[in-house]
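Visitor: Here is my input, please return the structure:
(one chain, ligands or ions: 1)
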Amino acid sequence: MYEGIVQDLIDELGRLPGIGPKSAQRIAFHILQTESFDVARLAEILTTVRERVRFCSICGNISEQETCSICRDPRRDPALICVVEEAKDVVAIERTREFRGLYHVLGGAISPIDGIGPDQLRIRQLMQRLADGTVQEVIIATDPNLEGEATATYLSRMLTTLEIRVTRLASGLPVGGDLEYADEVTLGRAFEGRRVVG
Ligand SMILES: [Zn+2]
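Guide: Alright, predicted model coming up:
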């Protein structure tokens, strides 16, 4: 334990995901000891990012405008929607360059243990997007773990009532893992080999 403000800094850093006590201490001392480290710039970015970045009103992806750059891009195919859990999954799929449609970010996955049910996710907004008949295929790209599979099953049941092709990414993705950790080639192949569900 350190005194006062130094310990406060370590505590705050330690609250960030993926940063344990040792990493928090190392980062804190880097900030304290490295003169070239621009604290003012980091502080400014932290403040500005909260003010400026919001969620796209159509797909839920992060955006600095009302709608995100993907939803605004006229070259994207509006007949295809890829459903993902988080905005970081959009980035992972974009890296593969396999997909030229639009996205829908759910904001998580169904997880009864964490108290997250379908109502906490952006499923209602998805159904609204599908109502006008533009979309011909929904690709479910939730994570290949328990919560992701539960969400995929729930979605595919909901979507069978509509006349839309519903597909799920092919197996081959590391089971139990996170979509964002799959390498580009594996994720790209999973896209190509997607199969119809329901
Ligand atoms: Zn968007």
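
Visitor: who's in contact with the residue positioned nearest the centre of the chain?
Guide: Per C-alpha atoms, centre = their mean, the C-alpha nearest to the average position across the chain is that of Glu86, at 1.6 Å. Residues near Glu86 by C-beta atoms under 8 Å, 6 or more residues apart in numbering: Val105, Gly107, Gly108, Glu180. Where you see a C-beta, it was placed from the backbone N, CA and C, and this is true even at glycine.

Visitor: The last one: how many residues sit nearby?
Guide: In other words, Glu180. By the criterion of other C-beta atoms under 10 Å, Glu180 has 17 neighbours.

Visitor: what residue ranges in the chain score low on pLDDT?
Guide: The chain contains residues with pLDDT under 70 at 171-177, 198.

Visitor: can you give me the helices for it?
Guide: 4-14, 21-33, 39-52, 69-72, 87-96, 123-130, 146-159, 184-192 (DSSP state H).

Visitor: If you count neighbours, what's buried in the second one?
Guide: Counting neighbours by 16 or more other C-beta atoms under 10 Å, one finds that the buried residues in helix 21-33 are Ala24, Gln25, Ile27, Ala28.

Visitor: For the ion, state which of those residues is nearest.
Guide: The shortest gap between the ion and any of the buried residues of helix 21-33 belongs to Ile27, at 32.7 Å (C-beta to the ion).
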